[in-house]
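Participant: When you get a sec, could you give me coordinates for this:
(2 chains)
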Amino acid sequence: MAALTIRGLLSRKVRAILTGLAVLLGVAMISGTYVFTDTINSTFDKVFEDANEGVDVVVSGRSEFDTDQGGVSQEIPESLVDRVKEVPGVLVAAGNVEDTASIFKSNGDQIETGGAPPLLFSRPPERFDPLNYVEGEPPAGPGEVAINKGTADDEGLKLGDRVSLVGRSGRENFLISGLATFGDVESIGGATVSVVTLPRAQALADQRGQVDSIQVAAQPGVTPDELVTRIERVMPDTVEVKTGQQDAQDEADSIQNSLSFLNILLLVFAGIAVFVGAFIIFNTFSITVAQRTKEFALLRTMGASRGQVLRSVMLEALIVGLIASILGILLGIATAQGINALFKALGADLPQEGLVLKGRTVVVALLVGTIVTMVASLAPARRATRVPPLAAMREEAALAAPPTRRRRIFSWALLIIGALAILFALFGGAPAEQALSMLGLGAIALFIAVALLSPRLVPLIAGAVGAPLERMRGVAGRLARENAMRNPSRTAVTAAALMIGLALVTFVSILAAGVKASIDDTVENRMKAELVVLNKDGNFSPISPESATAIRQVPGVGVVSQLKDSQAKVDGVGGKPFGSGIDPRTFDRIWDTDVDEGPANLFSSLRPDQMALEKDFAEANDLNVGDRLKVTTPIGCCGADRKIDLTVPGIFEDKSGLIGDFMVTGPTMTRTFGQRDDDLQFIGAQPGADVDAVQARVERVLERRFPVAEVQNQSEFKESITGGIDQFLALIYALLSLSVIVSLFGIVNTLVLSIHERTREIGMMRAIGTPRKLVRRIVRYESVITALIGAALGLTVGFILGVVTTVALEDEGFLLSIPVASLVVFAILAVIAGVVAAIPPARRASRLNVLEALAYE
Amino acid sequence: MESSSAIVAAKDLHKYFGHGETAVHALDGVTIGFMRGQFTAIMGPSGSGKSTLMHCLAGLDRPTSGAVTIDDVEITTLDDKELTNLRREKIGFIFQAFNLLPVLTAEENITLPLTIAGQDIDHAWVSELIEKVGLTDRRAHRPSELSGGQQQRVAIARALVARPAVVFADEPTGNLDSKSSGEVLRLLRSAVNEFQQTVVMVTHDAEAASIGDRLVVLRDGRICHDGISGDRQQVDELMRTAGVESAPVKG
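Facilitator: Below is the predicted model of the structure:
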């Protein structure tokens, strides 16, 4: 029997391949995601290992937790270096600065890093230096810098060229003394590396007398662990002492943590593609089973049991799933490169060094691909077992039975359950993570239910979208419409696969439009500052607080209000809430925020020992005015328990998300949160000043001294925020397009199989003089009608989901905005997709040999 | 004929299709038995119930009332599993449309019932059968490479391979020219003669009917003739008295 199955599969190669493709792409995305993130992780592991080579012990400022932006640790006094040197067993100890500084070429152009950090290192003693100087020498004098060879090659920089580095304190000029590679790692993504002497690094990072860490080498015979214990004894408790190995591990883990979000995001989209693929597998197997009715009946008359029939179909699914998964894993390696290219195109260059294919990747991809294929073909396989032996005696293959009452009830129940799950997720007030998985499960149920129910809609929609075709294109349009309606459930499931992708695209576009509308609204109604200074990179990266001081001197500038942000842990509250550090004296002048409880002058009277709370956050965690909060900051400060006591002076309402969950004063954030950099600097112009002129003057100051920052007016600011959203949207569209491609294979598949069924009919049409062109056209229109049904369903479902979600998020300041133009574009793209998908089947149909087709049985 | 000695027996079979006013009485009290090694042809005009009778006898369809036994097993009350086993062990089928699997060779098609049953293949027996049906030089060919007559000969070998208690043939010559029909009928005849095979054949073809041992004519769901088959003329004569025009000989 197994041999028969394999033989049958081989005889239906085309459909086996098309079915396999549906699984293959999803699996490729899964394995591609793993390969991509594993490769990045292993590259970072290597980078950190290399960085700590020869380092036995690392002394650094203690950090309590990592923020979502990465680790934050406090600087430590350089004087501790001498104290470490005195510890017995220490061979070498050296202070070390790690910061960021952008490189500018002599023509004034900034070297772009594509979202990666422009790293600045102090030159360590030879034995600790992870860099290989492939050209020139390490920086020796105060005017010298070494940069990484990759950057130099990309930017055409040579030894002796003049560059300037812009750190926290402003711009300084250097000559390139050396070009270096980082250990064995060739690419560290888009990151640039500059190495200068320790004092110059301290100056650039604006941390004279402070270092970020102390690297220590042990004398022979002293183990790192032993040395850690000895050094710990003489260090203050604001300092953390680790072995070099542990430190590298911690750094790598921290990167891995921040990458796990990316991993999950990509896997979600891979999952969607697999889900869409499941629809196609289901459909293909359903059609194949229907076409093989006679064969199953014959086997049954010869005494094959239902179990044997079931097993033979399932074995077919197993083989298809397994082979597709194996190929998917191979394609995944290429996909990893594709994902990398995608991120690069969107301005996020991540380091890739060698491709890492882990056993886990292979196992997960194989299991998902194979199991999904088998589960999706279970229903068709069961239908095959219900073929009565008597069917072998009939001339015509039995037509698909109309949906039973039970199936209808099941579909409606599923629809209602899905809708309820979505509504509960949105309005039930469950924690975000639970709400998200509820939303996902609800959407899956909803999609399946719509697919099951849509056969009844097919004649309706086919009539609506087919009628104009018929009017314009006559007989071809009419036949295409009738063909699409001939087997409604087949057309419905084919269209449903496309529906999923389109529904999600629509949903996302409506949410994004809502976010943009609310940003416009916020900037227009809440922002009182005329101008704002922010990082040029478009990612709201930190900017130097020094620029605020410089801008205050610019004529026409009234106030400059600095806004910092960080995260905290609050005793009794889960997670790591985000909050801001504001300048109490100027905040009211630049941003309009409502006070919900507490004094009317809540912001201007905010004291360093206070933490005002956002209304939703306070309510969710049952916190009230007057409460004393025990707060842990990223660097850990300041009491014996490394926590700080802050009281709640009032509650404010902030739907814009600018402030976050809590608000402290800027100085508190600098001192106790270790956040020295600013997020944004708002500028209030002097009354009567010409804002454009002020902007131009500020721009000149920034260009000269702080070229990483730029100044924007309100409408520019709006655009740079929404620009970030557009970029994210582009990423989501790119990822969803995979699902749409999978669903196109579904259309190809269904059409090929349907044409196979209609071979005789097509032969007859050709025999009575139908030109090839017309045959092709009929197939093409059928494809377009199917695609349009998918579009109609997808746009509707996506629209409803989008609107309901927006309404649910109204409290968060979401505004409903329908991106009509985008929706029209989606519909047009669906038509084009339909035309493209029709190419192979139409060609097949038009090339049928008339005589053979007529004789075909 | 007494059912106790019959290999296949039906007792008072009734079969209705549909309900109420529009109900069709396809079988109206048929009682009949088939002896081991007997070649029976069932004839009758369209709608006479001959196909329904065969479907009920073979356990493919359930009678509305009445009993069918095959090899002393009452089959109308069997469940799907038991019917499956029955088909495996006791019944062979030959169809008008041959119904071979296109992906298998002639020989593989012939041994398919054994494969399905998971039985060891008796190669000597299979070779004997292939020789018998005259396909020794065609055993590795696919159905698409065989003529209609050759395909039906494969189907006959397939029906015989598991040595079933009874072979049911449904219009086995319906799709064949007269030469091929003759070959197929002679093969069935010799299976009866040489292997004591019981064959029940439904046919339109007077030529086919005349090769059997026994001729049963159905009309309006009842048996209107049951006797020894004569030659072609006698069959034609019989059919005329039964008010039936036999199908013209194909060719």
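
Participant: Doesn't A:V92 belong to a strand?
Facilitator: Yes - using DSSP: H, G, I helix; E, B strand; the rest coil, the assignment for A:V92 is a strand.

Participant: Surely it is in contact with A:Q219?
Facilitator: No - shown here, A:V92 and A:Q219 do not form a contact pair, counting by Cβ atoms under 8 Å, at 9.3 Å. All C-beta atoms are positioned from the backbone trio N, CA, C, and that covers glycine.

Participant: Between the two, point out the one with more neighbours.
Facilitator: A:V92 (19 against 12; other Cβ atoms under 10 Å in any protein chain shown).

Participant: Torsion angles phi and psi at the nearest residue to the more buried one once chain neighbours are set aside?
Facilitator: Leaving aside its sequence neighbours, A:V92 sits nearest to A:A217 (Cβ to Cβ, 6 or more residues apart in numbering or on different chains; 4.4 Å). Dihedral angles of A:A217 (phi, psi; degrees, to the nearest 10) stand at phi -110, psi 140.

Participant: isn't A:A217 right up against A:R127?
Facilitator: Yes - assessed by Cβ under 8 Å, A:A217 is found in contact with A:R127 at 6.1 Å.

Participant: Just the element for the residue of the stretch 51-200 of chain B found nearest chain A, please.
Facilitator: Per Cβ to the nearest Cβ, B:R88 is where the stretch 51-200 of chain B lies closest to chain A, at 2.8 Å. In the assignment (DSSP states H and E), B:R88 maps to helix B:80-90.

Participant: From the rest of the structure, what touches that helix?
Facilitator: The set of residues that contact helix B:80-90 without belonging to it, under Cβ atoms under 8 Å, 6 or more residues apart in numbering or on different chains, is A:300-306, A:389, B:58-59, B:70-71, B:73, B:75, B:78, B:113, B:116-117, B:162, B:164-166.

Participant: how about low-confidence regions in the stretch 351-500 of chain A?
Facilitator: Within the stretch 351-500 of chain A, the stretches falling below the threshold (pLDDT under 70) are A:352-353, A:395-403.

Participant: for chain B, what are the nearby residues on it?
Facilitator: Counting by Cβ under 8 Å from any Cβ of the partner chain, the residues of the stretch 351-500 of chain A lying close to chain B are A:P388, A:P389, A:L390, A:A392, A:M393, A:E395.

Participant: Inside helices: which ones of those?
Facilitator: Cross-referencing these against helices under DSSP state H gives no overlap.

Participant: Looks to me like A:T284 is in a strand.
Facilitator: No - assigned with three-state DSSP, A:T284 falls outside any strand and is helix.

Participant: From A:A324, how far out is it?
Facilitator: Shown here: A:T284 relative to A:A324, a distance of 12 Å by Cβ to Cβ, to the nearest Å.

Participant: Now for the two: what residues contact both?
Facilitator: A:T19, A:A22.

Participant: Not counting its neighbours along the chain, what's nearest residue 147?
Facilitator: Went with chain A since none was named. Using Cβ to Cβ, 6+ apart and skipping residues adjacent in sequence, the residue nearest A:I147 is A:S194, 5.3 Å away.

Participant: um, chain B though
Facilitator: Closest residue to B:S147 apart from its sequence neighbours, by Cβ to Cβ, 6+ apart: B:S180 at 7.2 Å.

Participant: that older thread, the residue nearest to A:V92: what's it in contact with?
Facilitator: By Cβ under 8 Å, 6+ apart, the contact set of A:A217 is A:G54, A:V55, A:D56, A:V90, A:L91, A:V92, A:A93, A:R127, A:F128.

Participant: Just put those residues in CSV and tack on distance to A:N713.
Facilitator: Written out in CSV, the entries for the contacts of A:A217 read as follows (distance: Cβ to Cβ, whole Å):
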residue, distance to A:N713
A:G54, 51
A:V55, 48
A:D56, 54
A:V90, 55
A:L91, 57
A:V92, 53
A:A93, 50
A:R127, 52
A:F128, 47
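
Participant: Which one (most neighbours) among these?
Facilitator: In terms of neighbour count, A:V55 stands highest of the contacts of A:A217 at 26 neighbours, by other Cβ under 10 Å.

Participant: near chain B, which residues of chain A?
Facilitator: Residues of chain A that fall close to chain B, judged by Cβ under 8 Å from any Cβ: A:1, A:3-4, A:7-8, A:10-11, A:294-295, A:298-306, A:308, A:388-390, A:392-393, A:395.

Participant: Now the buried members of those.
Facilitator: Of the members of these, the ones counted as buried by neighbours, 16 or more other Cβ atoms under 10 Å in any protein chain shown, are A:1, A:4, A:8, A:294-295, A:298-306, A:308, A:388-390, A:392-393.

Participant: which ones among these are found in strands?
Facilitator: Counted as lying in strands by DSSP state E, out of these, is not a single one.

Participant: any chance you could map the helices in the stretch 101-250 of chain B?
Facilitator: Secondary structure of the stretch 101-250 of chain B by DSSP state H, counting those that start in this stretch: the helices cover B:106-117, B:123-132, B:148-160, B:178-195, B:206-210, B:232-241.

Participant: which stretch in these has the least confidence?
Facilitator: For the helices of the stretch 101-250 of chain B, mean pLDDT drops lowest on helix B:232-241, to a mean of 76.

Participant: sorry, back to before: after whichever strand or helix holds the residue nearest to A:I147, which helix or strand is next?
Facilitator: Element membership for A:S194, per DSSP H and E: strand A:192-196. Next in sequence after strand A:192-196, counting helices and strands by DSSP H and E, comes helix A:198-204.

Participant: What helices and strands are in contact with that next one?
Facilitator: Applying 3 or more Cβ pairs under 8 Å, 6 or more residues apart in numbering or on different chains; DSSP states H and E, one finds that helix A:198-204 contacts strand A:90-96, strand A:118-122, strand A:162-167, strand A:170-182, strand A:210-211.
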